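1. Prediction below, plus the sequence it came from.
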Amino acid sequence: MVRTKRMSRYVVHLLLFIGAGLMILPFFWMLLTSLKSVTESTSMNPFVFFPSVWKWENYSEVLRQNNFPRLYWNTFAMVALRVICSIVFSAMAAYAFARLRFPGRNFFFGLVLFQMMVPTQIFIIPQYLMVDSLGMRNTIFALLFPGLVSAFGTFLLRQFFMGLPKELEEAAKLDGCNIGQTFVRIMLPLVRSGMVALGIFTALFAFKDLMWPMIVNTNSKAATLSSALAKIQGAYSVDYPELMAASVLAILPMLILYMIFQKQFIQGVATSGGKL
């Protein structure tokens, strides 16, 4: 019996090791390609894994051609502002839908659910016209605009608020708290795990956003990492080593953040039950 359990544990660990290797392989291949020459990167020989000459100058060339400090600043400003706005506005809307009674509550929440079912690409033209009418194209606000309100965040936090007992609000009311004080001092700290999960999802989606930054910002000074990577590819040819070097530099900040906040990341995904 003990031997059977031990063997099953070895099999599970072996399968996990193989799965982890398959997940890491694309990143390992990207790193190796970024240090190859153009000829080696397009070679049809399947056994050419390591570069014959490690071309570290690919990174210096990418840094010379692209203003990465500016790209990092634009990207992190967009991500941070989207996370803050998504958490603040979604928490207020979720609390209203979950705990307050007002005419049309179910109808308006149904509109929120309907918005989640509609592809986001449908809203690109109206959002672009709104940003253009405000004269805010090629700005950080233009990058932030689609993330001001999150229907997913409203739905997610509403579920957390609905799981809290009513006695908390009744006790707060007896202590003289109004709706705002009850929300900020009593209810909001109790859904901290939900806000962490929402912040993680919002940050990931904002960091990976490609279509909106390319449409709303034609100025390179307002470009993000994703849009800059898309523009590195040429019309008739692609310098794969430089493209992979730029990709490594682009994912480096998120990799560092994940290593720092790994515990919060896992807790957020486990709490929300979400799948990336």
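-> That came through fine. Numbering: from 1, shown residues only.
2. mind listing what's buried in stretch 124-139?
-> 127, 128, 131, 136, 137, 138, 139 (16 or more other C-beta atoms under 10 Å). In short, each C-beta sits where N, CA and C put it, glycine included.
3. from the residues you listed, which single one is nearest residue 239?
-> In terms of C-beta to C-beta, no member of those lies closer to residue 239 than residue 138, at 26.9 Å.
4. Let me see the contact set for that closest one.
-> 216, 217, 218, 219, 221, 222 (C-beta atoms under 8 Å, 6 or more residues apart in numbering).
5. try it again with 6 Å
-> 217, 219, 222 (C-beta atoms under 6 Å, 6 or more residues apart in numbering).
6. Quick one, which of the residues you listed are buried?
-> Judged by 16+ other C-beta under 10 Å, buried ones among those: 217, 222.
7. So which of the contacts of residue 138 sits lowest on pLDDT?
-> By pLDDT, residue 219 ranks lowest within the contacts of residue 138, coming in at 72.
8. what's near enough to touch it?
-> Taking C-beta under 6 Å, 6+ apart, one finds residue 138 in contact with residue 219.
9. can you list the weak-confidence ranges in the protein?
-> Residue ranges of the chain with pLDDT under 70: 1-2, 46-47, 234-237, 264-276.
10. which stretches of the stretch 151-276 of the chain form helices?
-> 151-162, 167-174, 179-181, 188-190, 192-208, 211-216, 225-232, 240-260, 262-272 (DSSP state H, counting those that start in this stretch).
11. Rebuild the buried residues of stretch 124-139 as TSV, extending it with distance to residue 174 and secondary structure.
-> TSV is the format used below for the buried residues of stretch 124-139 (distance: C-beta to C-beta, whole Å; DSSP: H, G, I helix; E, B strand; the rest coil):
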residue	distance to residue 174	secondary structure
127	45	helix
128	50	helix
131	47	helix
136	46	coil
137	52	coil
138	53	coil
139	48	coil
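12. which helices and strands does whatever helix or strand residue 141 lives in pack with?
-> If you go by DSSP states H and E, residue 141 is part of helix 140-144. Judged by 3 or more C-beta pairs under 6 Å, 6 or more residues apart in numbering; DSSP states H and E, the packing partners of helix 140-144 are helix 68-99.
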